[in-house]
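Peer 1: Fold the following for me, if possible:
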Amino acid sequence: MPLDLAIVIPVGHGDEHWRGLLPCLAPLAVREIVMVFAVDELHAKRQLQVADPRVHLAFAPRGRAQQLNAGAAQTQARWIWFVHADSVPTERTLAALAQFIDVADERDLGYFDLRFLGDGPALMAINRGGAWIRSRWLGLPFGDQGYVVSRRLFERLQGFDASLPCGEDHEFIWRARACGARIRAVGAPLYTSARKYAAQGWLRTTVAHLHGTWTQVRDFSRRVQT
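Peer 2: Have a look, this model is predicted:
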């Protein structure tokens, strides 16, 4: 019997990494998988053929928050797993996900431990450690760690804030915590690409991320206090 779980995958403009993600998801028995493309790709993707019959296509205005919300609106399952198109789950990831859903309370928001593929610099080990501290000690996992959210919690939070130019995943966590959600590690890795660190430089990209993160901490923490 399939898990009472829907998977929502927002796909950025021109991003083809989902083609590698779908085979990784094939062993997982779920109710539905929704890939959400930007509306400006409607004509290019409408006739897209996907072998997995559980996969459905949806379209939304470009922007990750709008695509995530649109994907969730197309599903019926009790739990929703939001997965980036360039994520790579392992067998351990899928097994831990199934176990989490089996025992989790609807107040729980699950996330995975961030790991990087071998397409970036060796220094990515530092970023991996930083993500672990940010998530486990500060309770601030980000969207590339694969949020697992009950439909009830997601609807209570009214989804992701589409008015934000970026950081919708970070802001979502602050609101979830403010309403009493329990941020919980699922206890398994979820891999993601580190190609932008290779392309833009490790130090430059890491510093930019740190600056952006702490700017958002300041802004989003104030939001939930008002």
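
Peer 1: buried ones in stretch 100-118?
Peer 2: Buried residues in stretch 100-118, counted by 16 or more other CB atoms under 10 Å: 100-101, 104, 108-116. From N, CA and C alone the C-beta is placed, and that goes for glycine too.

Peer 1: can you pull out the helices in the chain?
Peer 2: Assigned by DSSP state H, the helices in the chain fall at 18-25, 42-45, 64-73, 91-103, 124-136, 151-156, 168-178, 195-200, 202-225.

Peer 1: okay if I get the buried residues of stretch 100-118 as CSV plus pLDDT?
Peer 2: What follows is the buried residues of stretch 100-118, written out as CSV (pLDDT from 0 to 100):
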residue, pLDDT
Phe100, 98
Ile101, 96
Ala104, 96
Asp108, 97
Leu109, 98
Gly110, 98
Tyr111, 98
Phe112, 98
Asp113, 98
Leu114, 98
Arg115, 98
Phe116, 97
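
Peer 1: when you check those against the strands, which ones overlap?
Peer 2: 108-116 (DSSP state E).

Peer 1: Run through the residues that contact Ala65.
Peer 2: Neighbour list for Ala65: 159-162, 164, 168 [criterion: CB atoms under 8 Å, 6 or more residues apart in numbering].

Peer 1: I misspoke; the intended subject was Thr75.
Peer 2: Here Thr75 is in contact with 6, 8, 31-32, 34, 151 (CB under 8 Å, 6+ apart).

Peer 1: ok, so of those residues, who is nearest Thr206?
Peer 2: Nearest to Thr206, judged by CB to CB, of the contacts of Thr75 is Val8 at 28.4 Å.

Peer 1: How about the contacts made by the residue nearest to the closest one when sequence neighbours are not counted?
Peer 2: Nearest non-adjacent residue to Val8, counting by CB to CB, 6 or more residues apart in numbering: Gly71, 3.6 Å away. Residues counted as contacts of Gly71 (CB under 8 Å, 6+ apart) are 8-10, 34-36, 58, 60, 82.

Peer 1: Looking at neighbours, which among those is most surrounded?
Peer 2: Pro10 (29 neighbours; other CB atoms under 10 Å).
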